[in-house]
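Novice: pasting the sequence and the predicted coordinates here, then a few questions.
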Amino acid sequence: MQFTDFSLDTRLLKTLDHMGIEKPTEIQEQAIPVGLSGKDLMASSKTGSGKTLAFLLPAMQRIISTRPLSKRDPRVLILLPTRELANQVYSQLRLLVANTQYKAVKILGGENFNDQAKSLERDPHFVVATPGRLADHLAQHHLHLNGLELLILDEADRMLDLGFVDQLKAINAAADHKRRQTLMFSATLDHNKINEIAAELLKDPMHVSIGAGN
Ligand code: ADP
Ligand code: MG
C-alpha cells in the first residue's frame, strides 16, 4: 500500500516525500481510511508505530477539503498527556501546515498563560494541547469549541493515568455537537478506564488494534 492510495491532497503527499516517509505503517493503513471517512475511531498500536501521522493526515485532509463550521473556533484539537509528547506532535503538524494558510498553536502546561491567550485570539485552525491547560483556557473563555470538527485524543491511556478524566469530560462537553468526529489513540487497551471514557466520547466507533496483546 502507498500513501497515494488514500485520497490525500498533493501538498500532503509532497510533505511526506520531504520527510522521507515512503510507505504507510500498519496502523496508518488501517486508521487513515477511517479518519477520512468521518467515523469515530478507537485505535491502539505500540509506541513508535506511526500513530501521529495516522491522525494528522486525515485531520489535514479534512481541513483542506471541507468548509469550516465556524470562522473563529479551532477546527481540530489534539490532546496529549505531556508537554514532551505535545511538542513532538506539534513539530510534525508544523511540517504539514507549512506552505498552507492553516495556523497551528500549542497550549501546554508550564508556559505563559497570557501569551497563550493571545495566541488563541489569532483564531488558529489547529490546537495541540495538554488537557489541564486547555481546560483552564476554556473556563476563561479564551476559546470556544462549538465549531470543533475533529477531537483527537492521543495517548488516551496515559491521559487517564495522569488523572485528566475530568478535563477530558469538560472539553468533550464544550465540543458536543453532531458534526464532530473523535479519534482516540492509545498504546494499550488493557486499561479499565479506557472503555468508560470511549463510551462517553465516541459515537459508534470503528476499532483498529495492531499487534499482540490487544
Ligand atoms: P507512535 O505515536 O505510534 O509512538 P510516531 O507517530 O511518534 O509513533 O512515529 C514514530 C517515528 O516513526 C517518527 O519518527 C515518525 O516520523 C516515523 N514514521 C511515522 N510514519 C512512518 C512511515 N510511514 N514510514 C517511516 N517512518 C515513519
Ligand atoms: Mg505517539
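Specialist: Alright, I've got the coordinates. Ligands and ions are numbered 1, 2, ... in the order given.
Novice: convert the lengthiest strand in the chain to PDB, retaining C-alpha atoms only.
Specialist: Among the segments of the chain that qualify as a strand by DSSP state E, the longest is strand 181-186. What follows is strand 181-186, C-alpha atoms only, in PDB (Å, rounded to 0.1, in the frame of the first residue of the first chain):
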ATOM      1  CA  GLN A 181     -15.600  13.400  14.800                       C
ATOM      2  CA  THR A 182     -13.500  11.900  17.500                       C
ATOM      3  CA  LEU A 183     -10.300   9.800  17.200                       C
ATOM      4  CA  MET A 184      -8.900   8.200  20.200                       C
ATOM      5  CA  PHE A 185      -5.400   6.600  20.200                       C
ATOM      6  CA  SER A 186      -3.500   4.700  22.800                       C
END
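Novice: tell me where the chain has strands.
Specialist: Using DSSP E, the strands found in the chain span residues 41-44, 76-79, 104-107, 126-129, 150-153, 181-186, 206-209.
Novice: could the ones you listed be laid out in CSV, adding mean pLDDT, distance to Asp161 and mean neighbour count?
Specialist: Any C-beta I mention is one placed from the backbone N, CA and C, and that applies to glycine too. Rendered in CSV, the data for those read as follows (pLDDT from 0 to 100; distance: least, C-beta to C-beta, whole Å; neighbours: other C-beta atoms under 10 Å):
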stretch, mean pLDDT, distance to Asp161, mean neighbour count
strand 41-44, 96, 15, 24
strand 76-79, 98, 14, 26
strand 104-107, 98, 21, 22
strand 126-129, 98, 18, 26
strand 150-153, 98, 13, 25
strand 181-186, 97, 10, 24
strand 206-209, 96, 19, 16
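Novice: nearest to ligand 1, of the ones you listed?
Specialist: Ranking those by proximity to ligand 1 (C-beta to the nearest ligand atom) places strand 181-186 first, at 7.4 Å.
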